[in-house]
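**Student:** Below are the sequence and a predicted model; questions follow.
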Amino acid sequence: MIKKKREEGTPRGDFYLSCERSLGGLSLLVGGIIGVSELDDGRTELLSHSGRIIVSGRGLKLTVFENKSIEIKGRIEGINFAYGKA
């Protein structure tokens with residue numbers, strides 16, 4: 001089988017995480033997200049082409065969702081990764 005070489009500039013479907021301290025907890029920026037399957041103040045489940053990202057904590061609020069990027073603020077206590085569909 002011949003593998004195609006990925007062209008420069010084409011998206012790979014990966015996700016990325018960036019976290020910084022904010023008032024009342026943390027601000028988590030996650031890119032490469034295609035959807036949200038669960039959302040409440042204690043758990044948020046995000047969908048990406050690479051799998052699912054589960055954010056748990058207290059007082060979680062989704063503050064931004066645009067251009068495949070999501071920002072979650074609150075007292076983040078855990079980030080877990082799951083592969084495959086929910």
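**Tutor:** Good, I have the coordinates. Being a predicted model, the structure only gives us computed values, none of them experimental. Numbers count the residues shown, from 1 in each chain.
**Student:** For the nearest residue to residue 43 once chain neighbours are set aside, give me the pLDDT.
**Tutor:** Among residues not flanking residue 43 along the chain, residue 56 sits closest, at 5.1 Å (C-beta to C-beta, 6 or more residues apart in numbering). All C-beta spots, glycine's among them, are computed from the backbone N, C-alpha and C. In this prediction, residue 56 carries a pLDDT score of 97.
**Student:** buried set for the host helix or strand of residue 56?
**Tutor:** Assigned by DSSP states H and E, residue 56 belongs to strand 51-66. Using 16 or more other C-beta atoms under 10 Å as the test for burial, strand 51-66 gives 52-55, 57, 60.
**Student:** One more: stretch 18-35?
**Tutor:** Per 16+ other C-beta under 10 Å, stretch 18-35 contains these buried residues: 25-30, 32-33.
**Student:** swap in stretch 69-76?
**Tutor:** 70-74, 76.
**Student:** got a list of what residue 31 touches?
**Tutor:** 15-16, 18, 68-70 (C-beta atoms under 8 Å, 6 or more residues apart in numbering).
**Student:** Among these, which ones are in strands?
**Tutor:** 16, 18, 69-70 (DSSP state E).
**Student:** ok, back up a step: will you turn the buried residues of stretch 18-35 into a markdown table that also has distance to residue 40 and secondary structure?
**Tutor:** Below are these laid out as a markdown table (distance: C-beta to C-beta, whole Å; DSSP: H, G, I helix; E, B strand; the rest coil):
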| residue | distance to residue 40 | secondary structure |
| --- | --- | --- |
| 25 | 16 | strand |
| 26 | 17 | strand |
| 27 | 18 | strand |
| 28 | 16 | strand |
| 29 | 20 | strand |
| 30 | 17 | strand |
| 32 | 22 | coil |
| 33 | 17 | strand |
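**Student:** among these, which two are most distant?
**Tutor:** The largest distance within these, taken as C-beta to C-beta, falls between 25 and 32 and amounts to 22.8 Å.
**Student:** Might you list the low-confidence residue ranges for the protein?
**Tutor:** Residue ranges of the chain with pLDDT under 70: 1-13, 85-86.
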